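Novice: Below is the structure, and that's it, no one-letter string:
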């Protein structure tokens, strides 16, 4: 994983945190930077706050408007009222679950191969994975559509699933591989020395150790899949997912149920992420002070 | 090594290699081949090898191409300028709350990009809360608009890019050896010199990684222009999307997509050659 480490118990960062009047020792630049950071954070949250507030607006037209008609929870009570919107949301969740599962199943073995073995075509695999992560969605989507058109494949849920696995698997490989690379190899050797076969070593030693990485990768996949718009639009055919439905409705006006669903998804994701951070902090506390802690970037957060 | 050990990596890697070859690498070639076809959706398409389509389609849409690169570059630079102080603050002064800060910065990702873009449209529209307020206090005239302007599109692209930009910068700043900064101070470098001559060069890997991720994404984006833009802000992504999905002029769409793909792949390749893939992968992991 990345070399980022959080301050561990016993390091100066924590020791100084316990001293009184710590704030007085902070330079003024820290205050300015902190203020700026919070302002930008507030700015990035504006559209979300607006979404949450206006999901409670009692609009009579059934479209979100800025005029405030009084608060109501009716859009949450009737959240599944619009049947094709609900179908689209169900499609999104189905594709997100299935693509996450497939990406993990095929991506984790590749991560193991890259982290622990030398083999022919290794560099090629690494380059393709990197390009897959960096490539712009419109090119990936258009290319897949060109393939499906050439092969005369009917577009629908299956092609969406294929596309989602194609972009998710690269993230699984990178995240899980980083996790394995951070593990001490001698643990696996010790298992082998103690008579464990490759399968037992994998199941009893390697799998538990890389499990946090797998969970992080799975959360990342799920989040990217459920939010993907551009690639999905190219390969969807007549099928609609949640973001596609919303994009189509922008011109005619968005029903408040979209804001209600967006709020629910946001809360779900936020709760999951906060839970993950708390869990991680707990295990850090439990860990020995000199032990390498979890890196704190996107995957531990998501 | 036994033959089993020798074959293990191939067996482990095969499923992913298969999937990425078939559904990522091959499509990149098939889009080139569709560009060289002629026909229509009813009668079907056949390969006619009209190489000139690349030049003619570029000529037809060069405005949108240039605009996409201009919007992409501008939004990336603005996002970098905004994100750097944030990443600096979190890495240097975040203390025990680093992961909490990063979590808060990533919170917008839990709401679909399409909904966030629409929410901005909702806020910035002519009878929306922002312009109504500005009109009421007499700051802008009655027919002042934000939607459908380049400003709206670039602002939306920048907005979406900020979290993506913070991550690689944070990774780079976190790795920076603090003693180097102390040494610079001890050697009487003032804060500005310390920043420009020490901190900035030592975190250039993060800057370029963020630049690559955001620039490539934003050049190909069409959601911002589709939701917040107007006829004068069409980006190349909008043209590709329109000609594939509405007009069904597949060869034209494929030619445009190929040109965009080749230019951006070239940038990605150059980046990987010069800087390696590590900084980007660390930001992701």
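Specialist: All right, it came through fine. Note that the structure is predicted; figures quoted are calculated from it, not measured.
Novice: so where's chain A shaky on pLDDT?
Specialist: Across chain A, the stretches falling below the confidence threshold (pLDDT under 70) are A:1-26, A:284-302.
Novice: and the gap between the residue nearest to the spatial centre of it and residue A:211?
Specialist: To find the centre residue of chain A, average its C-alpha atoms and take the closest one (C-alpha atoms, centre = their mean): that gives residue A:220, at 2.3 Å. Residue A:220 sits 15 Å away from residue A:211, going by C-beta to C-beta, to the nearest Å. C-beta: built from backbone N, CA, C; applies to glycine.
Novice: Kindly report the same for residue B:208.
Specialist: Distance from residue B:208 to residue A:211, by C-beta to C-beta: 33 Å.
Novice: Which one's more surrounded, those two?
Specialist: Neighbour totals were compared for residue B:208 and residue A:211, and residue B:208 leads with 17 against 12 (other C-beta atoms under 10 Å in any protein chain shown).
Novice: For the more buried one, which non-adjacent residue is closest in space?
Specialist: residue B:275 (5.4 Å; C-beta to C-beta, 6 or more residues apart in numbering or on different chains).
Novice: Next one: that neighbour relative to residue B:282, how far apart?
Specialist: Looking at residue B:275 against residue B:282, where the rule is C-beta to C-beta, the gap reads 12 Å.
Novice: what is in contact with these two at once?
Specialist: By the contact definition C-beta atoms under 8 Å, 6 or more residues apart in numbering or on different chains, residue B:275 and residue B:282 are jointly contacted by residue B:209.
Novice: Between the two, tell me which one has more neighbours.
Specialist: residue B:282 (25 against 15).
Novice: Quick check, that one in contact with residue B:174.
Specialist: No: when contacts are counted by C-beta atoms under 8 Å, residue B:282 is not listed as touching residue B:174 (9.9 Å).
Novice: The stretch 1-150 of chain B: strands as residue ranges?
Specialist: B:37-40, B:44-47 (DSSP state E, counting those that start in this stretch).
Novice: what mean pLDDT would you report for the last one?
Specialist: Averaged across strand B:44-47, the pLDDT comes to 78.
Novice: Enumerate the positions of that strand that are buried.
Specialist: Of all the residues in strand B:44-47, those buried under the rule 16 or more other C-beta atoms under 10 Å in any protein chain shown are residue B:45.
Novice: Partner strands of that strand and their direction?
Specialist: Partner strands and pairing direction for strand B:44-47 (DSSP bridges) are strand B:37-40 (antiparallel).
Novice: Tell me the buried residues in the partner strand?
Specialist: If you call a residue buried by 16+ other C-beta under 10 Å, then strand B:37-40 has these buried ones: residue B:37.
Novice: to the chain's geometric centre, what's the distance from that strand?
Specialist: Strand B:37-40 sits 32 Å away from the centroid of its parent chain (C-alpha atoms, centre = their mean, to the nearest Å).
Novice: of all of the stretch 201-302 of chain A, which residue lies closest to chain B?
Specialist: Checking the stretch 201-302 of chain A residue by residue against chain B with C-beta to the nearest C-beta singles out residue A:269 as nearest, at 3.4 Å.
Novice: now swap in the stretch 51-200 of chain A and tell me
Specialist: residue A:136 (3.1 Å).
Novice: what's the residue nearest to that residue when sequence neighbours are not counted in contact with, if anything?
Specialist: Of all residues beyond its chain neighbours, the one nearest residue A:136 is residue B:220 (3.1 Å), with distances taken as C-beta to C-beta, 6+ apart. For residue B:220, the set of contacting residues under the criterion of C-beta under 8 Å, 6+ apart consists of A:136-139, A:230, B:68, B:236-237, B:260, B:264.
Novice: What count of nearby residues applies to residue A:90?
Specialist: Using other C-beta under 10 Å, residue A:90 has 13 neighbouring residues.
Novice: Mind telling me what element it is part of?
Specialist: Using DSSP states H and E, residue A:90 sits in helix A:83-116.
Novice: My guess is the residue nearest to the centre of chain A contacts residue A:171. True?
Specialist: Yes: here residue A:220 lies in contact with residue A:171, judged by C-beta under 8 Å, at a distance of 5.6 Å.
Novice: Show the residue spans covered by the helices in the stretch 1-150 of chain A.
Specialist: All helices of the stretch 1-150 of chain A, identified by DSSP state H, counting those that start in this stretch, fall at A:12-18, A:28-54, A:74-77, A:83-116, A:122-134, A:137-150.
Novice: Actually, the stretch 151-285 of chain B.
Specialist: B:178-186, B:191-193, B:200-202, B:204-219, B:223-228, B:236-245, B:250-275, B:278-284.
Novice: Tell me the helices and strands packed up against the first one.
Specialist: If you count contacts as 3 or more C-beta pairs under 8 Å, 6 or more residues apart in numbering or on different chains; DSSP states H and E, helix B:178-186 packs onto no helix or strand.
Novice: Return the residues in contact with residue B:165.
Specialist: By C-beta under 8 Å, 6+ apart, the residues touching residue B:165 are B:76, B:79-80, B:82-83, B:87, B:210, B:213-214.
Novice: re earlier: turn the helices of the stretch 151-285 of chain B into TSV, columns for distance to residue A:84 and mean pLDDT.
Specialist: Compiled in TSV, the helices of the stretch 151-285 of chain B are given as follows (distance: least, C-beta to C-beta, whole Å; pLDDT from 0 to 100):
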stretch	distance to residue A:84	mean pLDDT
helix B:178-186	56	88
helix B:191-193	58	86
helix B:200-202	51	91
helix B:204-219	30	93
helix B:223-228	20	94
helix B:236-245	19	95
helix B:250-275	27	93
helix B:278-284	35	82
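Novice: Just name the most buried of those.
Specialist: The highest mean neighbour count among those, using mean count of other C-beta atoms under 10 Å in any protein chain shown, belongs to helix B:223-228: a mean of 26.
Novice: quick one: is that helix near chain A?
Specialist: Yes: residues of helix B:223-228 are located near chain A by C-beta under 8 Å from any C-beta of the partner chain, namely B:223, B:226-227.
Novice: Quick check: which helices or strands does that helix pack against?
Specialist: Against helix B:223-228 (3+ C-beta pairs under 8 Å, 6+ apart) you get helix A:242-249, helix B:113-124, helix B:150-175, helix B:236-245.
Novice: Residue A:41 touches residue B:102, doesn't it?
Specialist: No: at 11.0 Å, residue A:41 does not count as touching residue B:102 under the criterion of C-beta under 8 Å.
Novice: Between those two, tell me which one has more neighbours.
Specialist: residue B:102 (24 against 17).
Novice: re earlier: for residue B:36, which of the helices of the stretch 1-150 of chain A is the nearest?
Specialist: Closest of the helices of the stretch 1-150 of chain A to residue B:36 is helix A:137-150, at 11.2 Å (criterion: C-beta to C-beta).
Novice: next SSE after that closest one?
Specialist: Toward the C-terminal end, the helix or strand that comes next after helix A:137-150 (DSSP H and E) is helix A:157-181.
Novice: Is chain B within reach of that next one?
Specialist: Yes: Helix A:157-181 reaches chain B (C-beta under 8 Å from any C-beta) through A:162-163, A:165-166, A:169-171, A:173-175, A:178-179.
Novice: Many thanks, have a good one.
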